[in-house]
Structures are given as C-alpha cells and as structure tokens.
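[1] Show me the folded form of this:
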Amino acid sequence: MDKVTVMKDIDELNDTYCADCLVIKQLRKERGKPGAHRFCIEACTVGERLQFLGEELLKVYSK
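    This next block holds a predicted model:
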C-alpha cells in the first residue's frame, strides 16, 4: 500500500464511523476520555482496522 491510499482509508474510516460514534459519546460520560479511548483500542473493530492501517503507514515511512 502507498502512503496516499493508507491516509485516505484512515480518513474515510474516521469520518464514516468514528466522528459521530454514539458508543464513544456514552463511554466518555461513563468512563471519561481515557476509558473511551481504551475501548476503541481494545474492543472496537474499527479501532482494530485503524491500528492495522497505522502499522501499514509506518511500514511505508520506514522504507
């Protein structure tokens, strides 16, 4: 994957799923911002995909 494709995929995922995520809004009320962020990292499928794309981006930059 090239840098532009990865960045577009990340932006698209963020705009489509994360920008208006009701789960995050509720978790921020219950657990605070760090708790909501932890959910995204550990339990959310979109978060897992974003992590994968981030790793792909690191591979592009390390070449």
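[2] Averaging pLDDT per element, find the lowest-scoring helix or strand in the chain.
    Lowest by mean pLDDT, DSSP states H and E among the helices and strands of the chain is helix 45-62, with a mean of 93.
[3] Now it: buried residues?
    G47, L50, L53, E56, L57 (16 or more other C-beta atoms under 10 Å). Any C-beta I mention is one placed from the backbone N, CA and C, and that applies to glycine too.
[4] how deep is G32 tucked in, by neighbour count?
    Residues lying near G32 (other C-beta atoms under 10 Å) number 11.
[5] Residue ranges in this protein under the pLDDT threshold?
    Across the chain, the ranges flagged by pLDDT under 70 are 63.
[6] which helices and strands does the longest helix along the chain pack with?
    Under DSSP state H, the helix in the chain containing the largest number of residues is helix 22-42. For helix 22-42, the packing partners by 3 or more C-beta pairs under 8 Å, 6 or more residues apart in numbering; DSSP states H and E come out as helix 45-62.
[7] Alpha carbons of the helix it packs on, in PDB - could you do that?
    C-alpha atoms of helix 45-62 as PDB (Å, rounded to 0.1, in the frame of the first residue of the first chain):
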ATOM      1  CA  THR A  45     -13.400  -3.400  15.200                       C
ATOM      2  CA  VAL A  46     -12.900   0.000  13.500                       C
ATOM      3  CA  GLY A  47     -10.200   0.700  16.000                       C
ATOM      4  CA  GLU A  48      -8.500  -2.600  15.100                       C
ATOM      5  CA  ARG A  49      -8.600  -1.600  11.400                       C
ATOM      6  CA  LEU A  50      -7.200   1.800  12.200                       C
ATOM      7  CA  GLN A  51      -4.300   0.200  14.100                       C
ATOM      8  CA  PHE A  52      -3.600  -2.100  11.100                       C
ATOM      9  CA  LEU A  53      -3.600   0.900   8.700                       C
ATOM     10  CA  GLY A  54      -1.300   2.800  11.100                       C
ATOM     11  CA  GLU A  55       1.100  -0.100  11.000                       C
ATOM     12  CA  GLU A  56       1.000  -0.100   7.200                       C
ATOM     13  CA  LEU A  57       1.700   3.600   7.300                       C
ATOM     14  CA  LEU A  58       4.800   3.000   9.500                       C
ATOM     15  CA  LYS A  59       6.000   0.400   7.000                       C
ATOM     16  CA  VAL A  60       5.700   2.900   4.200                       C
ATOM     17  CA  TYR A  61       7.700   5.500   6.100                       C
ATOM     18  CA  SER A  62      10.400   3.100   7.300                       C
END
